[in-house]
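Student: Here is my input, please return the structure:
(2 chains)
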Number of protein chains: 2
Amino acid sequence: MTTPIQDARPEPGLLIVHTGNGKGKTTAALGMLLRALGHGQRCAVVQFLKGKQPTAEVILTQVAALAGGALTWDRCGQGFTWITRDRDRDSADAEAGWARVRQHLADPDLQFLLLDELNIVLRQGYLDPGTVLAELRERRPGLHVVVTGRGAPEILMDSADLVTEMNEVKHPFKAGVKAQPGIEF
Amino acid sequence: MTTPIQDARPEPGLLIVHTGNGKGKTTAALGMLLRALGHGQRCAVVQFLKGKQPTAEVILTQVAALAGGALTWDRCGQGFTWITRDRDRDSADAEAGWARVRQHLADPDLQFLLLDELNIVLRQGYLDPGTVLAELRERRPGLHVVVTGRGAPEILMDSADLVTEMNEVKHPFKAGVKAQPGIEF
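Tutor: Here you go, the predicted structure:
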């Protein structure tokens, strides 16, 4: 039985995880972001790996303007230790990224938050999964959070409302086809 | 060794399949479409199941206009026999949808073609997978085709350049959470 006060509460936001070794994790999150912006929602993206998404960022910012929504987009990090060979800097970048996430979590109007490649940050130990999860779980109702990246920690998947694993069955780079505009970036 | 004439040929377009029982198949395809439009490409969508994507359609049409690309979007079919209980009509809808695809395949300027839920049409036997595949393989260089839907036929996956299987690990509907705007549609 629900009381009128309970009925008036906003729906809980979903915690969604896209993981697996296949393609489509970030791309599907961008598709969701597109829909959210199309509904005029207030959205934010924090990229924990500097990704090749200037196209999406530019276009989605325009979509936000068209649809009456709002989009902020931050890029943190350089590419992580196997590229940067500088664990201290990577760790500091991850901390700075999470500080930005905290600002978003404190925004009473935010409706959609994409944390791109956060799983990798957690897997690499730059942020503590337990702390991150606790802060995400304390978010206010109505805020959807999407976390992408291969190797999602078990405790995050256990707490998520929706987990999709994108598995690679075939990948053209293995057959020598180059990355192509409009497909890969 | 390549000759100048070979160098001048456009890259072959990719045949991409998104399948599996999880979420994100169409959403990832919409994310790719967004990128393609952002590059000013000429794109088309044929939906073989009437989907809930008015939001994406409206917004992506605006994106196309902004970015100097072009987008045409067709919806064919009502929902298939398990809903319509009318196999003859469903079959006619599928044939009409494929006739539209043939027009797109004949368009010398098209760069990106999304065939949404085509896998289901093939699985249900409304179109012959061998015929469909043969026509897709004969497409001109430079045209990317993305096919979505669960239950992709083996011969399609065998011929594809990239196959991603989206597998459901957890789904909120099973836990009683309703579909939400900006997430599901």
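Student: got a pLDDT number for the spatially most central residue of chain A?
Tutor: Centroid-nearest residue in chain A: residue A:115, 2.3 Å away (criterion: CA atoms, centre = their mean). Here, the pLDDT recorded for residue A:115 equals 98.
Student: Secondary structure of it: a strand, I assume?
Tutor: Yes - under DSSP: H, G, I helix; E, B strand; the rest coil, residue A:115 sits within a strand.
Student: How about it, nearest residue that isn't a chain neighbour?
Tutor: residue A:147 (4.8 Å; CB to CB, 6 or more residues apart in numbering or on different chains). Placement of C-beta: from N, CA and C, glycine included.
Student: what's the spacing between the helix or strand where the one you found lies and its chain's center?
Tutor: Here residue A:147 sits within strand A:144-148, counting by DSSP states H and E. Taking CA atoms, centre = their mean, to the nearest Å, one finds the center of strand A:144-148 at 5 Å from the center of the full chain.
Student: quick check, stretch A:161-172 touching chain B?
Tutor: Yes - Stretch A:161-172 lies within reach of chain B by CB under 8 Å from any CB of the partner chain, at A:161, A:162, A:163, A:164, A:165, A:166, A:167, A:168, A:169, A:170, A:171, A:172.
Student: what ranges do the helices span in chain A?
Tutor: Ranges of helices within chain A are A:4-8, A:25-38, A:54-67, A:81-84, A:87-105, A:118-123, A:129-137, A:154-159, based on DSSP state H.
Student: Point out the most buried one among those helices.
Tutor: helix A:25-38 (a mean of 27; mean count of other CB atoms under 10 Å in any protein chain shown).
Student: That one and chain B in contact?
Tutor: Yes - contact between helix A:25-38 and chain B, assessed by CB under 8 Å from any CB, occurs at A:26, A:27, A:28, A:29, A:30, A:31, A:32, A:34, A:35, A:36, A:37, A:38.
Student: Which residue is the nearest non-sequential neighbour of residue A:42?
Tutor: Closest to residue A:42 by CB to CB, 6+ apart is residue A:70, at 4.7 Å.
Student: residue ranges with poor pLDDT in chain A?
Tutor: Counting by pLDDT under 70, the ranges of chain A that qualify are A:1-10, A:51-53, A:78-84, A:171-185.
Student: mind exporting the strand ranked longest in it as PDB, just the C-alpha atoms?
Tutor: Looking across chain A with DSSP state E, the single longest strand is strand A:162-170. The C-alpha coordinates for strand A:162-170 follow below in PDB (Å, rounded to 0.1, in the frame of the first residue of the first chain):
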ATOM      1  CA  LEU A 162      20.700  -3.200 -15.600                       C
ATOM      2  CA  VAL A 163      23.900  -4.800 -16.800                       C
ATOM      3  CA  THR A 164      24.600  -5.500 -20.500                       C
ATOM      4  CA  GLU A 165      27.700  -7.300 -21.600                       C
ATOM      5  CA  MET A 166      28.800  -6.500 -25.100                       C
ATOM      6  CA  ASN A 167      30.800  -9.400 -26.400                       C
ATOM      7  CA  GLU A 168      33.000  -9.300 -29.400                       C
ATOM      8  CA  VAL A 169      32.100 -12.000 -31.900                       C
ATOM      9  CA  LYS A 170      34.000 -10.500 -34.800                       C
END
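Student: Quickly run through the sheet partners of that strand, with directions.
Tutor: strand A:15-19 (parallel), strand B:162-170 (antiparallel) (DSSP bridges).
Student: The last one vs strand B:144-148, what angle?
Tutor: With axes from the mean of the first three to the mean of the last three CA atoms, to 10 degrees as the criterion, the two stretches strand B:162-170 and strand B:144-148 enclose an angle of 30 degrees.
Student: Could you give the separation of strand B:162-170 from the chain centroid?
Tutor: 16 Å.
Student: Quick check: buried residues in it?
Tutor: Using 16 or more other CB atoms under 10 Å in any protein chain shown as the test for burial, strand B:162-170 gives B:162, B:163, B:164, B:165, B:166, B:167, B:170.
Student: cool, the shortest one as well?
Tutor: Going by neighbour count (16+ other CB under 10 Å), the buried part of strand A:15-19 is A:15, A:16, A:17, A:18, A:19.
Student: nearest to chain B, of the residues you listed?
Tutor: residue A:18 (6.7 Å; CB to the nearest CB).
Student: So for that closest one, what's the nearest residue that isn't a sequence neighbour?
Tutor: In space, residue A:18 is closest to residue A:25, 4.0 Å off (CB to CB, 6+ apart).
Student: This completes my enquiry, with thanks.
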